[in-house]
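**Q** only geometry, no sequence info:
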């Protein structure tokens, strides 16, 4: 693959990360919170939102790894491998990036998507902000 073609593929991954983030926000609009309590009642859309948000985070990591020169065929396929790659290629000077990734994993993927434990509107807004900050840091 020539350099121009590779750069085009890398930029495509960045666009996917941002598109998934936008899609997550759109899905959340379907959840319609109870404005009195500030809690989402329909957990289906909340969990779907978190699943899509997690994918946007992974795509952002993929983008950053591709920019570092990692071959697309060798991108991580599991949480553990993502953690290893983050430590080795993106977070070697300090552990802040991996700390944020681990936090997002537990909040977005486990508590939000897998278990469906997160329902408070304010909490979701904060998680979205953290995810957006993380994505922006990796895709700048």
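**A** Great, that's in hand. Every value quoted in this text rests on a predicted model; they were computed, and no experiment measured them.
**Q** roughly how far apart are the residue of the chain positioned farthest from its centre and residue 121?
**A** The C-alpha centroid of the chain is most remote from residue 36, which lies 29.5 Å away (Cα atoms, centre = their mean). Computed as Cβ to Cβ, to the nearest Å, the residue 36 to residue 121 distance reads 11 Å. For glycine as for every other residue, the C-beta is placed from the backbone atoms N, C-alpha and C.
**Q** can you check residue 52 too?
**A** In this view, residue 52 and residue 121 are 18 Å apart by Cβ to Cβ.
**Q** residue contacts, residue 53?
**A** Going by Cβ atoms under 8 Å, 6 or more residues apart in numbering, residue 53 touches 20, 21, 24, 108, 112, 127, 128, 131.
**Q** Buried among these? Make that a PyMOL selection.
**A** Buried residues among these (16 or more other Cβ atoms under 10 Å), as a PyMOL selection:
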select buried, resi 20+21+24+108+112+127+128+131
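**Q** Let me see the confidence value for residue 93.
**A** You'll see residue 93 listed with a pLDDT of 68.
**Q** just to revisit the earlier point, higher neighbour count, residue 52 and residue 121?
**A** Comparing residue 52 with residue 121 by other Cβ atoms under 10 Å, the one with more neighbours is residue 52, at 21 against 16.
**Q** wait, doesn't that one sit right on residue 19?
**A** No. Applying Cβ atoms under 8 Å as the test, residue 52 and residue 19 come out as separate, 9.8 Å apart.
**Q** Wasn't the residue farthest from the centre of the chain part of a strand?
**A** No. Counting by DSSP: H, G, I helix; E, B strand; the rest coil, one finds residue 36 to be coil, located in no strand.
**Q** Got the phi and psi for it?
**A** Backbone torsions of residue 36, given as degrees, to the nearest 10, read phi -70, psi -40.
**Q** Next one: it relative to residue 43, how far apart?
**A** Relative to residue 43, residue 36 is positioned 18 Å away (Cβ to Cβ).
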